[in-house]
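>>> how does the following fold in three dimensions:
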Amino acid sequence: MSLSYGLIVSDFDGTLRRSEGGISEGNIRAVKEYIAAGGIFAFCTGRMLSSILPYAKKLGLSGLVAAYQGAVIADIESGKILRDVRIENGDAVGICRYFQDLERHIHVYDGDNVYMNRDDEYKRMYESICGVSGIVTGEDIASFVLEKNICPQKVLAMNAAEDNARVYGAAAEKFKGRFDVTSSSDFLVEVTSFDCNKGGALAFLSDYYRIPLDKTAAIGDNYNDIPMIRKAGLGVAVSNGVPAIKEAADFVTRSCDEDGVGYVIRKFGLGENI
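Next up is the predicted model:
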């Protein structure tokens, strides 16, 4: 069977993952049928590697998975890291101090460890969603990062939904041209190394699998997915996505609660007449 799109890359939260959590049986069946037909399905997520791997394994995926917006790309089965792009220690300290001045709840990601400056409701919410345990450093997380010489893959600030856009805009302006600033939900602002985004991750996967970019499809829901869907041959937004990604997309699929990813797989990946 000749596939129009030999590589489909999907975001996880808000895209494949349902609102209440988990992956629907409809999406699971579609992914497995696509792989059986010779297609390659991969995750590209802002989550840490240890948080996305259980879902990749549940789906029976092999090959590569992209985490931290693509700062880390690893082999699912062996755990081998093929890409690991980090923020220099001094820069990470500066980012932390900036968010500290804004009195934010802050995360610093170093491999399988996530350090948090507060033990609060944001910590518990994040741990519940992502299935990880944060290590609390105290308010002055910048000094902790400096003392431990941590060069993280990502620094993140958690915000109230009504405040997230303001923090996002301010951070994007503050670090313009120095770091990649994005948002994957209405309460997260995320900073990675400059030009380290999901578009670059898609290009890495395309090159690795020797599938031309015009034969790739990418699916997402939020600002951090825009570079990926713009670079793909077919860029898809789920209908529950933010307006900006739907404007950038070639196609808007069903929502994450209506098996939007499965619909794309069947319509464009498997070529079903639906």
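>>> helix/strand/coil for residue 86?
Secondary structure for residue 86, judged by DSSP: H, G, I helix; E, B strand; the rest coil, is coil.
>>> just the mean pLDDT for stretch 64-72, thanks.
Average pLDDT, stretch 64-72: 97.
>>> touching, residue 183 and residue 190? I think so.
Yes: with contact defined as Cβ atoms under 8 Å, residue 183 reaches residue 190; the gap is 6.6 Å. Every C-beta, even on glycine, is put in place using the N, C-alpha and C of the backbone.
>>> break down the protein into its helices, ranges please.
25-36, 49-58, 89-101, 121-130, 141-148, 161-174, 198-209, 226-231, 243-248, 260-264 (DSSP state H).
>>> excluding chain neighbours, what is closest to residue 254?
Take residue 254 and drop its neighbours on the chain: the residue closest to it by Cβ to Cβ, 6 or more residues apart in numbering is residue 260, 4.0 Å away.
>>> re earlier: so which of the helices of the chain is nearest residue 82?
Closest approach to residue 82 among the helices of the chain (Cβ to Cβ): helix 198-209, 7.6 Å.
>>> per-residue confidence for residue 241?
Reading off the model, residue 241 has pLDDT 97.
>>> now it: closest residue in space, sequence neighbours ignored.
residue 221 (3.9 Å).
>>> ok so, going back, for residue 271, which of the helices of the chain is the nearest?
Smallest distance to residue 271 across the helices of the chain (Cβ to Cβ): 10.7 Å, for helix 25-36.
>>> report the inter-axis angle for the closest one versus helix 49-58.
Angle of helix 25-36 versus helix 49-58, following axes from the mean of the first three to the mean of the last three Cα atoms, to 10 degrees, is 80 degrees.
>>> what's helix 25-36 packed up against?
Using 3 or more Cβ pairs under 8 Å, 6 or more residues apart in numbering; DSSP states H and E, the elements in contact with helix 25-36 are strand 40-43, helix 260-264.
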